[in-house]
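Trainee: Dropping the sequence and predicted coords here.
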Amino acid sequence: MAQEPVVVRIAPSPTGDPHVGTAYTALFNMALRRKQGGRFILRIDDTDRTRYQADSEAAIQHELRWLGIEWDEGPDVGGDAGPYRQSERTDLYRAAVEELIAKGAAYRCDCTKERLEEMRAEQRKRKQQPRYDGHCREREVSPDATHVVRLKVPLAGETTWTDELRGAITIQNATVDDQVLLKSDGYPTYHLATVVDDHKMGVTHILRAEEWINSTPKHVLLYEAFGWPLPKFVHLPLLRNSDKSKISKRKNPTSITWYRENGFLPEALRNFLSLMGFSFGDDREEFTLEEFVEAFSLGAIKTGGPVFDQQKLEWLNGVYIRKLGLDELIEHVREHSAAAAAADPALLRRILPLVQERMNRFTEFDELCDFFFVDRVQPPHDDLLPKKRSDTNTAAVLRQARLLVRDLPSLDEETLEQKLRDLAEEVEWKARELFMALRVAVTGKKVTPPLIESMCVLGRETCIERIDAAIDVLGSPENPILGTSDTSA
RNA sequence: GGCCCCAUCGUCUAGCGGUCAGGACGUAGCCCUCUCAAGGCUAAGACCGGGGUUCGAGUCCCCGUGGGGUCACCA
């Protein structure tokens, strides 16, 4: 188990919201780096100026950090191999391209967009693979004219490399297009930039998504043309929608920001992502980042594409929420609920233990606890009535309960519960019937945190007011018939 | 469609030639219980198909089939 230090990297594009796929790849890269030592680089692939979004880079960094992903080198932390934005490395790419042209491995091409489109349309019509026809391969295109630079892919032969997870992969060169390396705007394409940077930055292991397998021959050809040693290639499985297609925001939330804002804990998302394609080899599913790193190895990664199951993520998030200490819990809930943020911290300390095990996401707090924060609740008439109990009977019992609450020396949980149970017995109601009627009266809902505890948190005055209001909903009977069920005859 | 990758319960997975094919999410039932949860117990639920190799294949090989990815001056 010789553990050579590695140099790994992720190269997200600042073209939109930070993607869970980026986090997934980053997680495995970081795990390998931490396990074996070395460097983990964050490189910003901002070579597509048309899709570039100015605030995206900061968002990516922010969300990755939120998830617990840390890099050794990057645009924000510096490092010896910088700059770490590809837009700041264009001289390197231009020089590289000149080298390739000089070596005959690349050529200038001034074909217009229109010509290319026409050509492809024609090829499609003839049921051929749409690909560059080599028009400029042997032409002399002036460096001064508007042009791109293409890779001169051998017309015959094949390119083979070893994927660390999948073994040898061979692709016929004839199926590889003459890839554009340098765009007419002077920026490199991914293929050129990634090869140049990975080499210059000393990258030893390229852990990236499976969707890159088919363009790997281009990269291998470039390494060969430059005379550079090949890094190890590790193509990770692709995260999937529930229909097995590549995960996409149309079918699944893919923005890390979304998960943060919708009440997920970074540890839970991180743990969940680790489970995609990796396992300890036993039944362990809940584990810390440190445990993951310790157990991690490339050999433990599965190659089948895992479906991103929201339900399991929510369950796991609930597991993590339940493990939180009260102070942490308060902090998180305040971030996700305006009501909680505005509430007295002392009040929150009493409410949260009642709902901690009832939330799978922090955003569920409001739905669960709204009745603590409003002036009055609106108990639906029908919900107030236990099965087969009349309006009059129920109102009468609630009146009794009201008196009981009013006259209790102190409103503590044990006494309140005992007295209410006594009352139920006295009026010949099941305790559960009384509790439900009171629950609806006091909270307006049939599903709530535990009643007795909730009442004690609400306080005597509020409980009395709400019971009164509930009695009003039922109408005020003149002659309450106590202790009977008047529909039972 | 060409090329490439992949293939155990619905989903995430364990399994690395001999197992009653194990666990988790979800689903159903029961227990607990003031509702809902949480927790406990139980149940249903998978080796894609066909050939080989082998005393013996979920495990190895081949061929199908299925799914996915990719075929841009996007990454």
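Mentor: Cool, got the structure. Residues are numbered from 1 along each chain as shown, chains lettered A, B, ... in the order given.
Trainee: So what does the residue nearest the centre of chain A have for phi and psi?
Mentor: Residue closest to the average C-alpha location in chain A (C-alpha atoms, centre = their mean): A:Ile256, at 4.2 Å. Dihedral angles of A:Ile256 (phi, psi; degrees, to the nearest 10) stand at phi -60, psi -40.
Trainee: I'd like to know how far it sits from RNA strand B.
Mentor: From A:Ile256 over to RNA strand B the distance is 16 Å, taken as C-beta to the nearest atom of the strand, to the nearest Å. (Each C-beta comes from the backbone N, C-alpha and C, glycine too.)
Trainee: Nearest residue to that residue in space, please, no chain neighbours.
Mentor: Excluding its sequence neighbours, the residue lying closest to A:Ile256 (C-beta to C-beta, 6 or more residues apart in numbering) is A:Glu63, at 3.9 Å.
Trainee: secondary structure class for the one you found?
Mentor: helix (DSSP: H, G, I helix; E, B strand; the rest coil).
Trainee: Quick check: it vs RNA strand B, distance?
Mentor: 16 Å.
Trainee: Just the pLDDT for that residue.
Mentor: A:Glu63 carries a pLDDT value of 98.
Trainee: residue contacts, it?
Mentor: The contact partners of A:Glu63, taken as C-beta atoms under 8 Å, 6 or more residues apart in numbering, are A:Pro18, A:Ala23, A:Ile256, A:Thr257, A:Arg260.
Trainee: contacting residues around A:Lys93?
Mentor: Check again: residue A:93 is Tyr, not Lys. Applying C-beta under 8 Å, 6+ apart to A:Tyr93 gives the contacts A:Leu182, A:Tyr187, A:Pro188, A:Leu192, A:Ala193, A:Val196.
Trainee: Help me confirm that the fourth one comes into contact with A:Ala96.
Mentor: Yes: A contact is recorded between A:Leu192 and A:Ala96 when judged using C-beta atoms under 8 Å, the distance being 6.7 Å.
Trainee: Between these two, point out the one with more neighbours.
Mentor: For the pair A:Leu192 and A:Ala96, the greater number of neighbours falls to A:Leu192 (29 against 25), based on other C-beta atoms under 10 Å.
Trainee: Tell me which residues are up against the helix or strand encompassing that one.
Mentor: Using DSSP states H and E, A:Leu192 sits in helix A:190-200. The contact list for helix A:190-200 (C-beta under 8 Å, 6+ apart) reads A:9, A:11, A:43, A:45, A:47, A:81, A:86, A:89, A:92-93, A:96-97, A:151, A:179, A:181-182, A:188, A:203, A:206, A:215, A:218-219, A:222-223, A:226, A:228, A:231.
Trainee: which among these end up buried?
Mentor: Buried members of the contacts of helix A:190-200, scored by 16 or more other C-beta atoms under 10 Å, are A:9, A:11, A:43, A:45, A:47, A:81, A:86, A:89, A:92-93, A:96-97, A:151, A:179, A:181-182, A:188, A:203, A:206, A:215, A:218-219, A:222-223, A:226, A:231.
Trainee: From the contacts of helix A:190-200, which land in strands?
Mentor: A:Arg9, A:Leu151, A:Leu181, A:Leu182, A:Ile206 (DSSP state E).
Trainee: Identify, from those, the entry nearest to A:Asp366.
Mentor: Taking C-beta to C-beta as the measure, A:Asp366 lies nearest A:Arg9 of the ones in strands among the contacts of helix A:190-200, at 41.2 Å.
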